[in-house]
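>>> Sequence first, then the predicted structure:
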Amino acid sequence: TVLTGGDKLHKYPSAALPFRVFNNYGPTENTVVTTSGLVVSGQGGSISPPIGKPISNTKVYILDKNFQPVPIGVAGELHIGGDSLATGYHNRPELTASKFIPNPFDKSKATKLYKTGDLARYIPDGNIEFIGRIDYQVKIRGFRIEIGEIEALVSQYPDVKENVVIAQSDPAGGQRLVVYIVPKQESTQDASLIPQIRQFLKQKLPEYMIPAAFVLLDAFPLTPNGKIDRHALPVPDTVPSGISTTYVTPQTETEQLLAKIWQEVLQVEKVGIYDNFFELGGHSLLTIKVHTKLQEIYAQDISIVKLFQHPNISEFSKYLIDLQRGKVTDYLTTGQAKARSDRKTSMKQQRLQRQQNRRHK
């Protein structure tokens with residue numbers, strides 16, 4: 001039998017292992033072990049191996065910000081009570097008061113709960129899934145994202161040994177997600193690994209949860225306690241991982257114009273004609289910036305939808321050329337043209353009406 005603890009278990013053990021694995025969870029404030037459970041070998045799915053159920057004489061509550069229990073499957077902060085709970089932090093009364101709170105489910109208010117700062121949720125079989133620290137819950141472009149969910153999915157990719165996802169400031173002044181990956185040994189030099197993982201995530205996550213940068217490492221930096229040192233992770237290269245392995249220089253005037261706009265909006269040094277706008281870190285808000293710049297240059301009404309349908313310069317430049325030649329008529333352009341025509345007609349009618357009024361006078 002093997003007991004795990006101290007950090008999140010990302011993968012299920014192989015069915016070929018000749019021993020059982022129990023996944024344990026527990027902070028020092030509850031004298032180490034709080035929950036424990038047998039991890040069924042050879043399992044998979046969209047969640048990490050659960051941390052089991054509370055051990056004897058221990059109470060666990062998963063609560064929302066109003067200290068109300070959350071439904072099964074909904075993430076909340078994990079709170080701990082029971083006989084193993086510490087009384088507080090030595091000579092730190094303010095920290096003790098903020099972390100060891102009165103138990104809202106004890107009418108006598110004689111017992112305490114420890115606010116762990118950990119995100120977790122109950123799964124249908126009654127076990128608990130550990131998601132990650134609340135500190136690692138971030139907001140990207142208005143969407144609240146639980147980084148642990150992305151890490152759990154990346155870990156499912158067969159060639160990934162370990163991974164960490166963090167939020168970093170991007171060159172445009174916003175936030176972006178960066179995933180650091182330690183691949184399995186045989187995949188370390190595989191240039192196609194990053195595009196494959198990105199495509200894998202696209203099938204399972206919404207666009208705003210797809211990391212903007214992917215970094216391959218031989219090993220993670222560790223703290224003296226043996227945990228991953230997130231602050232020591234290297235900053236991604238200036239040229240993002242969305243750059244295609246074969247860089248093709250923009251040649252035509254339209255391609256060069258688009259490349260210049262993309263470089264400015266995405267804050268990257270170069271863009272090839274086959275590089276994907278969204279894999280370079282682009283998103284819906286940045287497409288609006290691109291669209292605005294294009295409309296300042298082109299007389300034709302450009303459909304913003306086309307930026308999603310033609311996400312590289314090669315495709316989008318062809319669309320622009322066809323649009324200029326009158327070969328493209330999309331519903332947005334037609335609708336906008338009709339609206340402009342209606343406005344012009346309305347103005348003519350108003351002028352005629354004013355002229356008629358003057359004659360009658």
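In hand now; what should we look at?
>>> which stretches of this protein form helices?
Ranges of helices within the chain are 93-99, 147-154, 193-202, 253-266, 284-297, 305-309, 313-324, 331-360, based on DSSP state H.
>>> What is the neighbour count of K227?
12 (other Cβ atoms under 10 Å). For every residue, glycine as well, the C-beta is placed using N, CA and C.
>>> Was I right to think it contacts D7?
Yes: using Cβ atoms under 8 Å, K227 is in contact with D7, at 5.9 Å.
>>> give me the beta-bridge partners of R121?
Partner residues in beta bridges with R121, using DSSP bridges, are E129.
>>> what's the distance between the residue positioned nearest the centre of the chain and N30?
Compute the mean C-alpha point of the chain, and by Cα atoms, centre = their mean the closest residue is M209, 2.8 Å away. For M209, the distance to N30 equals 32 Å [Cβ to Cβ, to the nearest Å].
>>> which stretches of the protein have low pLDDT?
Within the chain, the ranges that satisfy pLDDT under 70 run 42, 44-47, 141, 171-173, 186-191, 237-247, 327-361.
>>> What segments of it are strands?
Secondary structure of the chain by DSSP state E: the strands cover 2-4, 21-25, 35-39, 53-54, 58-63, 76-82, 100-102, 112-122, 128-133, 137-140, 143-146, 160-169, 175-183, 213-216.
>>> Now the longest one: buried residues?
Applying a neighbour-count criterion of 16 or more other Cβ atoms under 10 Å, the buried positions in strand 112-122 are 112-116, 118-122.
>>> which residue packs closest to E264, ignoring adjacent ones?
K293 (7.9 Å; Cβ to Cβ, 6 or more residues apart in numbering).
>>> The one you found: what's it in contact with?
261, 264-265 (Cβ atoms under 8 Å, 6 or more residues apart in numbering).
>>> just T87 next, same as before
Contacts of T87 by Cβ under 8 Å, 6+ apart are F100.
>>> Hmm, Q43 is touching Y12, no?
Yes: using Cβ under 8 Å, Q43 makes contact with Y12 at a distance of 4.4 Å.
>>> Now the common contact residues for those two.
What both Q43 and Y12 touch, as defined by Cβ under 8 Å, 6+ apart, is the set P49.
>>> Test my guess that N23 contacts Q43.
No: with contact defined as Cβ under 8 Å, N23 does not reach Q43; the gap is 11.8 Å.
>>> And these two? Which one has more around it.
N23 (24 against 13).
>>> Who is the more buried one paired with across the strands?
T4, G37.
>>> out of the contacts of K293, who's nearest E162?
If you rank the contacts of K293 by distance to E162 using Cβ to Cβ, V265 comes first, at 33.1 Å.
>>> Report how many residues lie close to the closest residue to the closest one other than its chain neighbours.
Nearest non-adjacent residue to V265, counting by Cβ to Cβ, 6+ apart: K289, 4.9 Å away. Neighbourhood size, K289 [other Cβ under 10 Å]: 15.
>>> cool, A110 as well?
8.
>>> how close does the spatially closest residue to A120 that is not a sequence neighbour sit to T35?
Nearest non-adjacent residue to A120, counting by Cβ to Cβ, 6+ apart: L78, 4.4 Å away. Note on L78: its distance to T35, by Cβ to Cβ, is 9 Å.
>>> Which of the two has more residues huddled nearby?
L78 (26 against 23).
>>> mind listing what the more buried one touches?
With contact taken as Cβ under 8 Å, 6+ apart, L78 is in contact with 60-62, 116, 118-120, 128, 130.
>>> Tell me what it is bridged to.
Taking DSSP bridges as the rule, L78 bridges to I62.
>>> Settle this for me: E151 is touching G132, isn't it.
Yes: taking contacts as Cβ under 8 Å, E151 lies within contact range of G132: 7.2 Å.
>>> okay, and the common contacts of those two?
Taking Cβ under 8 Å, 6+ apart as the criterion, E151 and G132 both touch K8.
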